[in-house]
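Participant: Got a sequence here, can you model it:
(one chain, ligands or ions: 2)
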Amino acid sequence: MIKDQQNRVHDYLRISLTERCNLRCFYCMPEEGVELAPKSHLMTYEEILAIATTFVEMGVKKIRLTGGEPLVRKEAHVIIEALGKLPIELGITTNGILVDRFVDSFKKAGLKAVNISLDTLDRDKFALVTKRDDFEKVRENIDLLLAEGFLVKINVVLMRAINFDEIIDFINITEHKNLQIQFIEFMPFDGNKWDWEKGISLAEIIEKANAHYQESNVLRIEDKPNDTAVNYKIKGYKGSFAVISTITNPFCSTCNRIRLTANGRIKNCLFSTGETDLLTPFRAGEDIQPIILKSIHSKAPERGGWESLEAFSKPENHGQNRSMILIGG
Ligand code: SAM
Ligand code: SF4
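Facilitator: Ligands and ions are numbered 1, 2, ... in the order given. Predicted coordinates:
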């Protein structure tokens, strides 16, 4: 088992398949772009499979593919289908644009849980956030996944100037569709001009829901073990909604996550400033298990060591972490 000093068992691995993306969401990808690692520094398909297998042998039970945009990776089909053969629960986080080309691969791999990022229900705002015009495609692909019986969550990064006025519209989707809306508090990463004034808190979201639906109809529902979200449902609605409140209500005490970047580095926390290179020792034929154990053992108890909102808010701290697009959210 992979455990840290707080005795937290780490059995959930998030693998970034690529640093590239077909969108340019401003909160994720800095305006000036990012420096991409040379191809030779990125994990090959075989390396991803071998390293993932090592993690599974060490007790990992769940793998989620992410990126950049995981589905722009050339061998994404092959990787998904190969990982599907491991004894794990496989999921993916995607912007949804290419999903229709992968439904068969998802099924072959036994991949059921698909998280799709969509920050607005307005086509023009979508273009403003992502700098691309793929709104219709994403909406169509969400409906396709639902029709095909996948477990769909919609990730919505909430920001005051963008989508504060759409909270209720998003929750209303859950009236007839069996999906979960996952609101995410805006988080700081290198180059994303983070300022908490721009973000929306868990408390504000619930206040808005209570005012619109009446408090007695906003039901707090059970969170799963290791859930990073606080879960709710509107009485009588088919779907549910949740809030990932990293800023105002961090969920670090039950964290079970390990991140593996596309260039083969472990990030033991989304906010850790240090990374552990696994790919170089792997290529040199070293046993990577002790390196994995050491990296997780050194994990900070909370938010990469930024335990207070004050430390978290310091702009000089944000530059010490990579941009989200390079980490894999
Ligand atoms: N391209 C895929 C997608 O957009 O779903 C996967 C990678 S993306 C980095 C993973 C998730 O991170 C997305 O849901 C995205 O909205 C979220 N994300 C990116 N930057 C963020 C930020 N600054 N604060 C909160 N969430 C962020
Ligand atoms: Fe691309 Fe996802 Fe980042 Fe948007 S959030 S730029 S879709 S990686």
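
Participant: Can you get me a residue count around the closest residue to residue 69 other than its chain neighbours?
Facilitator: Setting aside the residues directly before and after it, residue 69 is nearest to residue 21 in space (C-beta to C-beta, 6 or more residues apart in numbering), at 4.3 Å. To be clear about C-beta, it is placed using only N, CA and C from the backbone, and glycine gets the same treatment. Residues near residue 21, counting by other C-beta atoms under 10 Å, number 20.

Participant: got it, and the one 10 residues further on?
Facilitator: Burial of residue 31, expressed as a neighbour count using other C-beta under 10 Å, amounts to 10.

Participant: Start at 4, not 1
Facilitator: Taking 4 as the first residue, the last one we looked at is residue 34.

Participant: what separates it from residue 153, distance-wise?
Facilitator: Taking C-beta to C-beta, to the nearest Å as the measure, residue 34 falls 34 Å from residue 153.

Participant: Phi, psi for residue 18 please.
Facilitator: phi -110, psi 130 (degrees, to the nearest 10).

Participant: swap in the one 10 residues further on?
Facilitator: Its backbone dihedrals place residue 28 at phi -60, psi 130, with angles given as degrees, to the nearest 10.

Participant: residue contacts, it?
Facilitator: Residues in contact with residue 28 (C-beta atoms under 8 Å, 6 or more residues apart in numbering) are 120, 122, 132, 133, 160.

Participant: my guess is the first one contacts residue 100, does it?
Facilitator: Right, residue 120. No: the pair residue 120 / residue 100 is not scored as a contact, 10.2 Å apart, by C-beta atoms under 8 Å.

Participant: Residue 105 touches residue 76, doesn't it?
Facilitator: No: under the criterion of C-beta under 8 Å, residue 105 makes no contact with residue 76, lying 11.1 Å away.

Participant: which parts of stretch 4-17 are buried?
Facilitator: 5, 7, 11, 13, 14, 15, 16, 17 (16 or more other C-beta atoms under 10 Å).

Participant: In the stretch 4-153 of the chain, what residue spans correspond to strands?
Facilitator: In the stretch 4-153 of the chain, the segments counted as strands under DSSP state E, counting those that start in this stretch are 15-19, 65-69, 92-97, 116-120.

Participant: which one of these lies closest to ligand 1?
Facilitator: strand 116-120 (3.5 Å; C-beta to the nearest ligand atom).

Participant: tell me the angle of that closest one relative to strand 65-69?
Facilitator: Between strand 116-120 and strand 65-69, the angle formed by their directions is 30 degrees, by axes from the mean of the first three to the mean of the last three C-alpha atoms, to 10 degrees.

Participant: Is strand 116-120 positioned near ligand 1?
Facilitator: Yes: on the criterion C-beta under 6 Å from any ligand atom, strand 116-120 is in touch with ligand 1 at residue 120.

Participant: ok, which residues in this structure are in contact with ligand 2?
Facilitator: So the chain meets ligand 2 at 24, 26, 27, 28, 31, 32, 70, 71, 72, 98, 120, 328 (C-beta under 6 Å from any ligand atom).

Participant: residues touching the nearest residue to the fifth one once chain neighbours are set aside, list them.
Facilitator: Taking C-beta to C-beta, 6+ apart as the measure, residue 31 lies nearest to residue 327, with 4.4 Å between them; neighbours along the chain are not counted. Applying C-beta under 8 Å, 6+ apart, we find residue 327 in contact with 30, 31, 32, 190, 192, 195.

Participant: Among the residues you listed, which one lies nearest to residue 88?
Facilitator: Nearest to residue 88 among the contacts of residue 327, counting by C-beta to C-beta, is residue 31 at 30.8 Å.

Participant: Isn't that closest one up against residue 326?
Facilitator: Yes: using C-beta under 8 Å, residue 31 is in contact with residue 326, at 6.9 Å.

Participant: Who has more neighbours out of the two?
Facilitator: Between residue 31 and residue 326, residue 31 has the larger neighbour count (other C-beta under 10 Å), namely 25 against 19.

Participant: show me the contacts for that one.
Facilitator: So residue 31 contacts 24, 192, 195, 326, 327, 328, 332 (C-beta under 8 Å, 6+ apart).

Participant: per-residue pLDDT, residue 37?
Facilitator: Looking at residue 37, its pLDDT stands at 83.

Participant: So which residues of this structure form helices?
Facilitator: 48-60, 79-86, 106-112, 126-133, 138-150, 163-166, 170-176, 205-216, 282-286, 292-300, 312-316, 318-321, 327-330 (DSSP state H).

Participant: Turn the ones you listed into JSON lines, including mean pLDDT and distance to residue 253.
Facilitator: What follows is the helices of the chain, written out as JSON lines (pLDDT from 0 to 100; distance: least, C-beta to C-beta, whole Å):
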{"stretch": "helix 48-60", "mean pLDDT": "98", "distance to residue 253": "24"}
{"stretch": "helix 79-86", "mean pLDDT": "97", "distance to residue 253": "29"}
{"stretch": "helix 106-112", "mean pLDDT": "98", "distance to residue 253": "31"}
{"stretch": "helix 126-133", "mean pLDDT": "97", "distance to residue 253": "25"}
{"stretch": "helix 138-150", "mean pLDDT": "98", "distance to residue 253": "29"}
{"stretch": "helix 163-166", "mean pLDDT": "95", "distance to residue 253": "21"}
{"stretch": "helix 170-176", "mean pLDDT": "98", "distance to residue 253": "21"}
{"stretch": "helix 205-216", "mean pLDDT": "97", "distance to residue 253": "11"}
{"stretch": "helix 282-286", "mean pLDDT": "98", "distance to residue 253": "30"}
{"stretch": "helix 292-300", "mean pLDDT": "96", "distance to residue 253": "18"}
{"stretch": "helix 312-316", "mean pLDDT": "75", "distance to residue 253": "9"}
{"stretch": "helix 318-321", "mean pLDDT": "69", "distance to residue 253": "15"}
{"stretch": "helix 327-330", "mean pLDDT": "78", "distance to residue 253": "17"}
